[in-house]
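*Asks:* This is the structure alone, sequence omitted:
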Ligand SMILES: NC(=O)C1=CN([C@@H]2O[C@H](COP(=O)(O)OP(=O)(O)OC[C@H]3O[C@@H](n4cnc5c(N)ncnc54)[C@H](OP(=O)(O)O)[C@@H]3O)[C@@H](O)[C@H]2O)C=CC1
Ligand SMILES: O=C(O)C1=N[C@H](C(=O)O)C[C@H](O)C1
């Protein structure tokens, strides 16, 4: 059976990586490619924009038309646009694979509400490596105990809008889960000036933005006389794109609900990491 995909933010960095990955997968057919309304590249062939062969699919803007032809929507738009797309998908009863990050607390709440109406896989990072780390981290943190300081360091390209990255936040939540606390209660988002000593049990975040870094995340677990560093480095967007397409296949026939890559990869434990 062929799965028909509509792809939002198709001409973005992730959109182009997904088009390139899709062109090698005969069971998946791109039927609509959405761009930003008013963008100069509307009407151009998305295959050409992605640097692969022409696909006969022009970049267009009207989402209702795209959803009418599709079995699933894949979306890596900026958060505001993604939420608009999600509302349209709920209206049209089209399942969604969502990779966007940078949602506010209110937006996350709306996202959860919308997922009661359609099947939705939402994950800040679709790579296998990060998801294995997310599954392992609570156990690692619990085993090392309260005396180990936790710091999360992330680096991305200079076009990234949100900080810390969605992945860093997910790693923070997984680490906090290992201590049975909420991340918001222990997070130290930045340090500047005479803020005083590091709070025991806090989870610190540090953000780097430079040139074309695809995405790097390190969790430091530092105790007296030793430091364990758990690091993931994405060297291409291909791994995120392959993860998204894996989620597309997994989502077929699922009931409405909010899923993530832990579900897709069979890594979900009880109690849940997220
Ligand atoms: N879950 C995961 O594994 C990953 C998630 N991400 C996340 O994906 C998102 C996108 O990242 P990336 O591809 O690097 O970003 P880009 O900026 O390269 O792409 C975003 C695209 O969205 C388009 N866009 C902007 N506004 C709208 C709108 N209102 N309606 C429709 N399209 C719009 C832009 O068009 P234009 O250029 O014309 O403005 C652009 O083509 C981010 O939130 C990022 O954090 C990224 C990598 C992996
Ligand atoms: O914007 C990016 O590029 C990425 N964003 C995601 C995030 O915010 O965690 C995932 C990946 O690190 C790349």
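*Replies:* In hand now; what should we look at? Please read these numbers as outputs of a predicted model, since none were measured by experiment. Ligands and ions are numbered 1, 2, ... in the order given.
*Asks:* other SSEs contacting the lengthiest helix in the chain?
*Replies:* Looking across the chain with DSSP state H, the single longest helix is helix 128-144. Under the contact criterion of 3 or more Cβ pairs under 8 Å, 6 or more residues apart in numbering; DSSP states H and E, helix 128-144 touches helix 166-178, strand 215-223, strand 226-234, helix 238-251, helix 261-264. Every C-beta, even on glycine, is put in place using the N, C-alpha and C of the backbone.
*Asks:* What lies in contact with the second one?
*Replies:* Surrounding strand 215-223, the residues in contact under the criterion Cβ atoms under 8 Å, 6 or more residues apart in numbering are 125, 130, 133, 137, 140-141, 144, 147-156, 165, 167-168, 171, 175, 227-234.
*Asks:* tell me which residues in it are buried?
*Replies:* 215, 216, 217, 218, 219, 220, 221 (16 or more other Cβ atoms under 10 Å).
*Asks:* ok, what's across the strand from the fourth one?
*Replies:* Think residue 218. Beta bridges link residue 218 to residue 153, residue 231, judged by DSSP bridges.
*Asks:* Can you check the pLDDT for it?
*Replies:* pLDDT, residue 218: 99.
*Asks:* show me what contacts residue 209?
*Replies:* 155, 156, 157, 158, 160, 163.
*Asks:* Can you narrow those residues down to the ones near ligand 1?
*Replies:* Near ligand 1, judged by Cβ under 6 Å from any ligand atom, there are no entries from those.
*Asks:* Of those - the most surrounded one?
*Replies:* If you count neighbours using other Cβ atoms under 10 Å, the busiest of these is residue 156, which has 25 neighbours.
*Asks:* Let me know the pLDDT of that residue.
*Replies:* Model confidence at residue 156 (pLDDT) stands at 98.
*Asks:* try the one 4 residues further on
*Replies:* In the predicted model, residue 160 carries a pLDDT score of 98.
*Asks:* Tell me the secondary structure at it.
*Replies:* Assigned by DSSP: H, G, I helix; E, B strand; the rest coil, the conformation of residue 160 is coil.
*Asks:* all helices for the stretch 1-150 of the chain, in order.
*Replies:* Assigned by DSSP state H, counting those that start in this stretch, the stretch 1-150 of the chain shows helices spanning 13-22, 46-49, 63-68, 79-92, 105-114, 128-144.
*Asks:* Of those, which is nearest residue 204?
*Replies:* With Cβ to Cβ as the measure, helix 128-144 is the member of the helices of the stretch 1-150 of the chain nearest residue 204 (13.9 Å).
*Asks:* Check which residues of the closest one are buried.
*Replies:* For helix 128-144, a neighbour-count test (16+ other Cβ under 10 Å) marks 128, 130, 131, 133, 134, 135, 136, 137, 138, 140, 141, 144 as buried.
*Asks:* The third one against residue 268, yeah?
*Replies:* So that's residue 131. No. With contact defined as Cβ atoms under 8 Å, residue 131 does not reach residue 268; the gap is 10.2 Å.
*Asks:* Now the helices of the stretch 1-150 of the chain in TSV, please, with extra columns for mean pLDDT.
*Replies:* Shown next, in TSV, are those (pLDDT from 0 to 100):
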stretch	mean pLDDT
helix 13-22	98
helix 46-49	98
helix 63-68	98
helix 79-92	98
helix 105-114	98
helix 128-144	98
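*Asks:* Tabulate those helices (CSV), appending distance to ligand 2.
*Replies:* Shown next, in CSV, are those (distance: least, Cβ to the nearest ligand atom, whole Å):
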stretch, distance to ligand 2
helix 13-22, 7
helix 46-49, 18
helix 63-68, 22
helix 79-92, 10
helix 105-114, 14
helix 128-144, 8
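*Asks:* To residue 190, which of the ones you listed lies closest?
*Replies:* With Cβ to Cβ as the criterion, residue 190 lies closest to helix 105-114 of these, at 18.6 Å.
*Asks:* elements contacting that closest one?
*Replies:* helix 79-92, strand 119-122.
*Asks:* from those, which stretch is densest packed?
*Replies:* The highest mean neighbour count among the helices and strands packed on helix 105-114, using mean count of other Cβ atoms under 10 Å, belongs to strand 119-122: a mean of 25.
*Asks:* Any part of that one near ligand 2?
*Replies:* No. Judged by Cβ under 6 Å from any ligand atom, strand 119-122 stays clear of ligand 2, getting no closer than 12.2 Å.
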